[in-house]
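Chemist: Okay, predicted coordinates and the sequence, questions at the end:
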Amino acid sequence: MTAFRVVRASRFSIVATAVSVAAVVVLALGPSWASRGTKLSLIQIFYYLSLAQMWNLLAGYAGLVSVGQQGFVGVAAYAVFVLAERNGIDPFLAMALAGLLTAALSAPVALFAFRLKGGYFAIGTWVIAEVFRLITLRIKPLGAGKVQSLTVRNTFAGYSIERRQDLVYWAALALAVGATLIVVLVLRSRQGLALRSIRDDEGGARGLGVQVTRTRLVVWVIAAGWVGMTGALIHINSATITNRDAFDVLSWTALVVFIVIIGGVGSTAGPIIGVAIFWFVTERFKDSDTGRFMILGALAAVMAVVAPRGIDGLIQRVRSFELFPIRRRLVVDDSAVPTPDLTSGHP
């Protein structure tokens, strides 16, 4: 009799994991070998990867296509301003607290947003983000829309410029790696199986007993909290907060959507591929935000029509593999010792 065993990893994924760990170690040593310009570029790549992984978790696996993630970025930015600049809390602790705040805020938001379906959900999340922006405009302690700064005297007291830049770099790397790990671990769990069933057939998932609203709510809150921490770090890095930039739909949602669509929606490797393309285009159009948006938008539009699964989907057509495997496979166990057939009279 042929013996089988259930596996998740493959030779490719084992090698890829080892290479990924080595790459993270090299990147973690970045402050010792990277120039200032290189570090700034890597920080941008890291926080866009964090945002892209969270959007992919929502849209690619939970079926929640949100265009309002800038709302959580903006709320977290002002939370850092209040906590660090006004109350003297360490900025990196304030970053974590801002994430908790946005996670808590996202729960009541979901009670309204989850009543909407399809395109109405997408529009609804954008409207909610605009409501957050307008509210902050009318709160005088937040500056009522004026430019606010995180000062050396209050927020960064005790931090040298070099030390602050290194901590921002490591925090951005941690957010990018953490976001990727969250997606992989969630998808490997029962929660992940429920998410994929909801995405593929919500009615069928309900019929099988999946708690659709609760499952989506858990992922929504996780994504909101992580987006909040990322948004807080973005503004710690820039040290300035403006209402327009903090709630900018183009920077914190549109670009993220382009990245995921180009790389591959519903793929753990898709956001990584998309961020690599984003970095390449950004380097070529450093002095032209308009050119960058045009190129990325055109690439996303082409991918949506020609290859809905993005670059990762095109690669999978040539050779099927998973960079971070989430599914189990049944394979022949070549190492198993054959069991003698005692009923045939032969050994």
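Modeler: Sure, I can see it.

Chemist: Distance of Ala171 relative to Gly30?
Modeler: In this view, Ala171 and Gly30 are 12 Å apart by Cβ to Cβ, to the nearest Å. From N, CA and C alone the C-beta is placed, and that goes for glycine too.

Chemist: In contact with Phe156, which residues?
Modeler: Taking Cβ atoms under 8 Å, 6 or more residues apart in numbering as the criterion, Phe156 is in contact with Pro91, Leu150, Arg164, Ala239.

Chemist: Can you pull out the low-pLDDT segments for this structure?
Modeler: Scanning the chain for pLDDT under 70 picks out 1-9, 327-347.

Chemist: all strands of the stretch 151-300 of the chain, in order?
Modeler: 240-241 (DSSP state E, counting those that start in this stretch).

Chemist: all helices in it, in order from the N-terminus.
Modeler: With DSSP state H, counting those that start in this stretch as the criterion, the stretch 151-300 of the chain has helices at 161-188, 190-200, 202-207, 212-238, 243-246, 249, 255-263, 270-284, 289-306.

Chemist: Show me what the fourth one is packed against.
Modeler: This means helix 212-238. On a contact count with 3 or more Cβ pairs under 8 Å, 6 or more residues apart in numbering; DSSP states H and E, helix 212-238 meets helix 36-56, helix 69-80, helix 91-113, helix 161-188, helix 190-200, helix 202-207.

Chemist: any idea how far the residue nearest to Leu187 when sequence neighbours are not counted lies from Trp220?
Modeler: Using Cβ to Cβ, 6 or more residues apart in numbering and skipping residues adjacent in sequence, the residue nearest Leu187 is Ile326, 4.2 Å away. Using Cβ to Cβ, Ile326 is found at 20 Å from Trp220.

Chemist: Looking at the two, which one has more neighbours?
Modeler: Comparing Ile326 with Trp220 by neighbour count (other Cβ atoms under 10 Å), the higher total belongs to Trp220, at 23 against 18.

Chemist: shouldn't Met54 be in contact with Gly178?
Modeler: No - if you go by Cβ atoms under 8 Å, Met54 and Gly178 don't touch, sitting 10.3 Å apart.

Chemist: before we move on, the earlier item: okay, the helices and strands packed on helix 212-238, which one's buried deepest?
Modeler: Among the helices and strands packed on helix 212-238, helix 69-80 has the highest mean neighbour count (mean count of other Cβ atoms under 10 Å), at a mean of 29.

Chemist: relative orientation of that helix and helix 255-263 in degrees?
Modeler: If you take axes from the mean of the first three to the mean of the last three Cα atoms, to 10 degrees, helix 69-80 sits at 130 degrees to helix 255-263.
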